[in-house]
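>>> Everything below, folded, please.
(chains A and B)
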Number of protein chains: 2
Amino acid sequence: MLDVALLGTGGMMPLPNRFLTSLLLRFNGRMLMVDCGECTQVTLKLLGWGFKNIDIICFTHFHADHIAGLPGLLLTVGNSDRTEPVWLVGPPGLRSVAESLCVIAQDIPFPLEIIELPYTRSAPPETLALGEFLISVCPVDHRVPCFAYSMEFKRAGRFDMARAQDNNVPLAAWNRLQKNETVTIDGRVFTPDMVLGPPRKSIKTSYCTDTRPVALLKDFVRDSDLFICEGLYADTEKLPKAVAHKHMIFQEAARIARAAQVKELWLTHFSPSLTAPESFVNAARDIFPNTTAGKDRMTKTIRYEEDDVESK
Amino acid sequence: MLDVALLGTGGMMPLPNRFLTSLLLRFNGRMLMVDCGECTQVTLKLLGWGFKNIDIICFTHFHADHIAGLPGLLLTVGNSDRTEPVWLVGPPGLRSVAESLCVIAQDIPFPLEIIELPYTRSAPPETLALGEFLISVCPVDHRVPCFAYSMEFKRAGRFDMARAQDNNVPLAAWNRLQKNETVTIDGRVFTPDMVLGPPRKSIKTSYCTDTRPVALLKDFVRDSDLFICEGLYADTEKLPKAVAHKHMIFQEAARIARAAQVKELWLTHFSPSLTAPESFVNAARDIFPNTTAGKDRMTKTIRYEEDDVESK
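I've put the predicted structure just below:
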């Protein structure tokens, strides 16, 4: 199962009652963040999931409200006695920006592994596996190179004894094959597909800010269990302003959710001028009913589909 | 009169209920800050004195908890429509650190005027006048070059009519001379001292973090109306830790306050482990009675002495 927390829901500047937009995922105890603006470590502290197991920090782009909290967060993670590397993932230029910001964080007691993924408009998404996180990025349309992210958690098929027997797989190999390992016994190689049924439905979350709607997004976020998407403004009157600053309004996010047939949409990255986003959410629900205006530290646990059925 | 606000009182990392140590002064509507850690713009927003009139940001040193909030603050000041320059003042290296951090704040709509003051241990304090702020720095003893600051607001003498007449100053020049201008009439030069009595007592605040106690401090903060000083730890048992990290405990700050004959001491820069600093303040009061444990957004208005008497 996957735990999802929306660490903050604001755009532009951190506010006393609304931190900057950031996402935290936890899967088997390991954590991945997307974006880390100023004060993100404070909302992380309030959430209470700890700092030490943050393995991966992804960045959509390098505007201050998405990355200024990096040096402070790394120092705080360092104070949690972490010594294992932290991966930083983002568009080209990440190394240079991260190193510039970390001029004030020279004492981090763990290595940074920096991965810059190529940004080419209209290019197909790139995918990267880090630990159990299958991370994909999609180039979007902001004032600077920017990625939408999806994180998928694949699930192998069920163990199929008839299939194992048909393939003459010895009993001694079953357990390891179920764990997706390849096993060699007496010179014979056995692979997981020899004992497993078809892959089961994965869990997929996607996260998209800051951008205008782009054609690639529909397929990129398709079938997400949870789609988290920016809506800088709620009101259609603000559309020209959203267009000018390369952002979206609520209804545009809802149209992507509908077209991509996601299960649920959370809106985020609200303008500081938008003091009560929830009072505008109905306009988005007219387009995509299962829409919620995000709130800081809103959380959700997403179970694999079969587990979900079993637990009911 | 001078308004003083302690924006935050924490060291190391911003906490949900305690922002990082920072000072804000307001004099005749213009503002000066000392230090700007992560989230300082949030406590500034809570304080409500606005962003636009922050003319000067001074830095004690370049550890993240004292400067990481700079790019975010500058962007927010920029959103307040400021176009006049902002002065940044600090130890050598300030330009390089500020430019590194501002890699994510390229769109600031005003110029930065960066002033690096020399740091030489045991050298006498340096003084700099910016607007109405007379800023002095004193080298202190931290793990990196670090300054204590004092900000003084001088006050000219009262208008002395007998003196003006003795000096044959024409009536037409009196008003401008009282405003400390020099006036030339018919080729004769008149200076303010020709119409003013002796200077009156100034207002002085001083601010000292992060450091061990150093000999220069006693004279540097002497006679401050308000002395704001770090006390990372309260307990004398923590003294070895304070020494190792080049910080102070409460009693050491109180001893400086007593030796320097300041009027009032506010303690600040508390360790995250020190959850209730006020419960330890008596040990400092035994040494210097007028000691208060700082709280976020604690404010004080300091009037010139004669005004204070008149207003009673």
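
>>> got the residue ranges for the strands in the stretch 101-250 of chain A?
A:112-116, A:126-130, A:133-140, A:146-155, A:183-185, A:188-190, A:200-208, A:226-230 (DSSP state E, counting those that start in this stretch).

>>> The fourth one relative to strand A:226-230, how many degrees between them?
What that stands for is strand A:146-155. Orientation of strand A:146-155 against strand A:226-230 (axes from the mean of the first three to the mean of the last three CA atoms, to 10 degrees) gives an angle of 170 degrees.

>>> Out of the strands of the stretch 101-250 of chain A, which is closest to chain B?
strand A:146-155 (13.7 Å; CB to the nearest CB). For the C-beta atoms, the positions are set from N, CA and C on the backbone; glycine is no exception.

>>> can you give me the angle that closest one makes with strand A:126-130?
Using the same axes, to 10 degrees: strand A:146-155 against strand A:126-130 is 50 degrees.

>>> and strand A:146-155, which residues are buried?
By neighbour count on 16 or more other CB atoms under 10 Å in any protein chain shown, the buried set for strand A:146-155 is A:146-153.

>>> Is the nearest residue to A:Ala123 once chain neighbours are set aside bridged to anything, and to what?
Of all residues not flanking A:Ala123 in the chain, A:Pro139 sits nearest, at 6.1 Å (CB to CB, 6 or more residues apart in numbering or on different chains). Judged by DSSP bridges, the bridge partners of A:Pro139 are A:Phe147.

>>> wouldn't A:Ile104 be in contact with B:Val97 here?
Yes - if you go by CB atoms under 8 Å, A:Ile104 and B:Val97 touch, sitting 6.6 Å apart.

>>> hey, what's in contact with both of those two?
B:62, B:67 (CB atoms under 8 Å, 6 or more residues apart in numbering or on different chains).

>>> still on that earlier bit, could I get the strands of the stretch 101-250 of chain A as TSV with distance to A:Gln251 and mean pLDDT?
Listed next are these as TSV, based on distance: least, CB to CB, whole Å; pLDDT from 0 to 100:
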stretch	distance to A:Gln251	mean pLDDT
strand A:112-116	34	98
strand A:126-130	29	95
strand A:133-140	18	97
strand A:146-155	18	96
strand A:183-185	53	93
strand A:188-190	53	94
strand A:200-208	15	96
strand A:226-230	11	98
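
>>> Deepest in the core, which of these is it.
Mean neighbour count (mean count of other CB atoms under 10 Å in any protein chain shown) peaks for strand A:226-230 among these, with a mean of 29.

>>> between the strands of the stretch 101-250 of chain A, which gets nearest to A:Val77?
strand A:112-116 (10.7 Å; CB to CB).

>>> Export only the CA atoms of that closest one, formatted as CSV.
Taking Å, rounded to 0.1, in the frame of the first residue of the first chain, the C-alpha atoms of strand A:112-116 are listed here in CSV:
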residue,chain,number,x,y,z
LEU,A,112,23.8,13.4,-3.1
GLU,A,113,23.1,11.4,-6.2
ILE,A,114,21.9,13.9,-8.8
ILE,A,115,19.9,12.6,-11.9
GLU,A,116,19.1,15.1,-14.6
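
>>> Contacts for it, please.
A:74, A:85-95, A:98, A:102, A:128.

>>> In helices, which of those residues fall?
A:74, A:94-95, A:98 (DSSP state H).

>>> picking that back up, give the full set of residues in contact with the residue nearest to A:Ala123.
A:119-123, A:145-147, A:214, A:216.

>>> Pull out the buried residues from these.
A:119, A:145-147, A:214, A:216.

>>> now, the most widely separated pair of those?
A:Pro145 and A:Leu216 (14.1 Å).

>>> Tell me, how many residues neighbour A:Gly29?
Using other CB atoms under 10 Å in any protein chain shown, A:Gly29 has 10 other residues around it.

>>> Who's the closest spatial neighbour of it, skipping the chain neighbours?
Nearest non-adjacent residue to A:Gly29, counting by CB to CB, 6+ apart: A:Asn53, 6.0 Å away.

>>> Could you count how many residues lie near that neighbour?
So A:Asn53, with other CB under 10 Å, has 16 neighbours.
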